[in-house]
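J.: Have a look at this prediction, sequence included:
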Amino acid sequence: MSETNDDRGHENARRLNVLRIVYGLFGIVLCVLGLLYYRSVIGTPVGHNSRIITSTKPKAAPAQKKAKLWDQLTVDEYDNPTAYALAELDGKELAWRLTQQEFVWAKGVGWVRDETTLAAFDAQGDLVQRDVISKLEQSCLDAGNEFVLTTSDYTDVESAYQALVLDSMVGEELVPAGQGFEGTVFGPSMHDRRIYLEESGEGVTMRVSSLPSNERS
């Protein structure tokens, strides 16, 4: 009887070992198949496998995201160019952006749209022509120009300063100067710019210019 039980015990042990081996091999096969499936369906780059499900909402291209950021910095809610646009963009970018905001060039005046005008003057006080500004490769102000923006979209200096300057550049409180207020601001280029604002019959006038050489840090 004891021998028969021993034989049965050995037989059961062998069967358990065989089952362990079979199950182990089966598990390995499943793992391999799963890996192959992952690489062929999920791991394949988009566009190489038609079974890949992508979002139906298109993502903004890098250029679109950049343009959106520029829009927030270079124009206010009324589509007027900000101090950032005048102080940081090169001439070609500025001219293109003004055209996008429906500004047109008026001889002897500068860019005009509705009751907003934008003109650039050189060190002698002469109007800088559009084709000259468009060819400037660096910030327009680096050439010694002064931009003068007059708009009826604002009636007080404080709101104009916030929207046209502080929303896109860094600056401190303005101080009284002449008939208006002035201060120093800077943008990503880290070049200090002089800002002067005053209330006028047409609304608010903003002047953006480079600091004289004796005032630069």
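T.: Thanks, I have the structure now.

J.: Hmm, residue 163 is touching residue 79, no?
T.: No - with contact defined as Cβ atoms under 8 Å, residue 163 does not reach residue 79; the gap is 11.7 Å. No exception for glycine: its C-beta is placed from N, CA and C like everyone else's.

J.: okay but residue 168 is in contact with residue 81, surely?
T.: No - the criterion here is Cβ under 8 Å, and residue 168 misses it with residue 81 at 10.3 Å.

J.: Neighbour count: the two, which is higher?
T.: Between residue 168 and residue 81, counting by other Cβ atoms under 10 Å, residue 81 is the more crowded of the two (25 against 21).

J.: Relative to residue 120, how far out is that one?
T.: Residue 81 is 11 Å from residue 120, where distance means Cβ to Cβ, to the nearest Å.

J.: Tell me where this structure has strands.
T.: 104-106, 110-113, 116-121, 146-151, 170-171, 175-177, 180-186, 192-200, 203-210 (DSSP state E).

J.: Would you reformat the ones you listed as JSON lines and include mean neighbour count and mean pLDDT?
T.: Output for the strands of the chain, formatted as JSON lines (neighbours: other Cβ atoms under 10 Å; pLDDT from 0 to 100):
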{"stretch": "strand 104-106", "mean neighbour count": "12", "mean pLDDT": "96"}
{"stretch": "strand 110-113", "mean neighbour count": "19", "mean pLDDT": "96"}
{"stretch": "strand 116-121", "mean neighbour count": "20", "mean pLDDT": "96"}
{"stretch": "strand 146-151", "mean neighbour count": "22", "mean pLDDT": "96"}
{"stretch": "strand 170-171", "mean neighbour count": "14", "mean pLDDT": "94"}
{"stretch": "strand 175-177", "mean neighbour count": "10", "mean pLDDT": "96"}
{"stretch": "strand 180-186", "mean neighbour count": "17", "mean pLDDT": "96"}
{"stretch": "strand 192-200", "mean neighbour count": "19", "mean pLDDT": "95"}
{"stretch": "strand 203-210", "mean neighbour count": "22", "mean pLDDT": "95"}
